[in-house]
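Chemist: make a model of this:
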Amino acid sequence: MLDLSTSFDGMTFKNPLMPAAGPLNGDLAKLNYLVEQGCGGIVTKTISKELPHIPKPCIYGDKTFIMNSELWSELSYKVWVDEILPEFHKSKDRPLIISLGYTKEDMEFLVPKVDKFADAYEISTHYVGTDLSVIQETVRTIRRNTVKPIYMKISPHIPNPEGFARAIKEAGANGVVAINSLGPTMKIDISERKIIYGNDKGFVWTSGPAIKPIALATVYKIKQAEPSLTVIGVGGIKSADDVLEFLLAGASGVQMLSAALLYGKDLYSKIIKDLPKVLEKYGFSSIEEVINHGLKKEVVYKQSLPVLDKDKCIDCMLCEKICPYFAISYPGVITFNPDKCFECGLCVAKCPTGAISFNKE
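Modeler: Residues are numbered from 1 along each chain as shown. Next up, the predicted model:
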């Protein structure tokens, strides 16, 4: 049987998939549901000192992204400390990462109250700006109150992920959760001529499969800059293949939430069920092997002309329609003009049947 486990910072996870902080892990019943789904570790919704004021409706779903103006936990820290965490802890059989926000004053207040329940902390930096000295002081405050692992969650608006990683490492953090939702973004209803799903400033935050390329690049940047830091990848995961991509980029574990809102809450168990066959498909024997493998970097400046597999071609003409160099024509069969083709690869990527490829010889 293939080994799906991953271990880091003194914790062992039966598999690398966890929920990301959000509406699906906001109370005891939801945490237990995620346990039943088989998640390797559990993450709470972000707990803060103050209750949020959340506009309604607050979550919009499209084909490849979620837009939301939902904030941190709508339940008070007292409910978490007195009810949810003690009850969950009675039967806890996997690592529990408690998500907290946002300021050093919040950390000074909250960490001592939840520390006996936490295996590690995830700290959101979503609303504390981009000043790394402020974020460092938050880390130092947490570290004064716990010996447990601290993971700082980076938002895409942080301009220098490598600098962020160095700063939190110097302050005593164990790693980074990358990335938080993208924003601010906006949703407009044309017929009503108004902003919808927005906060008091008209903005929402965007997550889900659409932000995966940004998340992967951020994970990779951080791990390349600070290899000793643990990275937990989040942002756009919707399949077992996605999990492997994040692990190859440098993550030791992953989180998912938005895809479960888009495609169904049972997506956690589906991905975990798919992991063994996806490992086998790509020639891996364990999750740890994927994590330790790393990525090759090959930059090519001269490519071959695309070639067509006529047996796979369905004459949909998509390649001809999208070619930005007007290099594809159809005189009875898809033809590539060598004088116009820029070898950009768009037709290769977009062909629905895989009929177009670059000559590998």
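Chemist: how long is stretch 68-79 end to end?
Modeler: 24 Å (Cα to Cα, to the nearest Å).
Chemist: show me what contacts residue 345?
Modeler: 303, 358 (Cβ atoms under 8 Å, 6 or more residues apart in numbering). All C-beta spots, glycine's among them, are computed from the backbone N, C-alpha and C.
Chemist: in the stretch 51-200 of the chain, where is pLDDT below threshold?
Modeler: Scanning the stretch 51-200 of the chain for pLDDT under 70 picks out no residues.
Chemist: how about the helices in it?
Modeler: For the stretch 51-200 of the chain, applying DSSP state H, counting those that start in this stretch gives helices covering 77-79, 85-90, 104-114, 132-145, 161-171.
Chemist: between those helices, which one is closest to residue 17.
Modeler: helix 85-90 (18.5 Å; Cβ to Cβ).
Chemist: contact partners of that closest one?
Modeler: 28, 31-32, 42, 44, 96, 98, 114, 117.
Chemist: just to revisit the earlier point, closest to residue 62 out of the helices of the stretch 51-200 of the chain?
Modeler: With Cβ to Cβ as the criterion, residue 62 lies closest to helix 161-171 of those, at 26.4 Å.
Chemist: packing partners of the closest one?
Modeler: For helix 161-171, the packing partners by 3 or more Cβ pairs under 8 Å, 6 or more residues apart in numbering; DSSP states H and E come out as helix 132-145, strand 150-154, strand 175-178, helix 212-225.
Chemist: can you list the helices of the stretch 51-200 of the chain in JSON lines and add mean neighbour count and distance to residue 250?
Modeler: What follows is these, written out as JSON lines (neighbours: other Cβ atoms under 10 Å; distance: least, Cβ to Cβ, whole Å):
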{"stretch": "helix 77-79", "mean neighbour count": "14", "distance to residue 250": "33"}
{"stretch": "helix 85-90", "mean neighbour count": "14", "distance to residue 250": "30"}
{"stretch": "helix 104-114", "mean neighbour count": "18", "distance to residue 250": "27"}
{"stretch": "helix 132-145", "mean neighbour count": "18", "distance to residue 250": "20"}
{"stretch": "helix 161-171", "mean neighbour count": "19", "distance to residue 250": "11"}
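Chemist: just send these back as CSV, with distance to residue 348 too.
Modeler: Formatted as CSV, those follow (distance: least, Cβ to Cβ, whole Å):
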stretch, distance to residue 348
helix 77-79, 52
helix 85-90, 48
helix 104-114, 49
helix 132-145, 41
helix 161-171, 30
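Chemist: and these: which comes nearest residue 11?
Modeler: With Cβ to Cβ as the criterion, residue 11 lies closest to helix 85-90 of the helices of the stretch 51-200 of the chain, at 15.3 Å.
Chemist: now the closest one, how far from the centre of its chain.
Modeler: Here the centre of helix 85-90 is set off from its chain's centre by 27 Å, with Cα atoms, centre = their mean, to the nearest Å.
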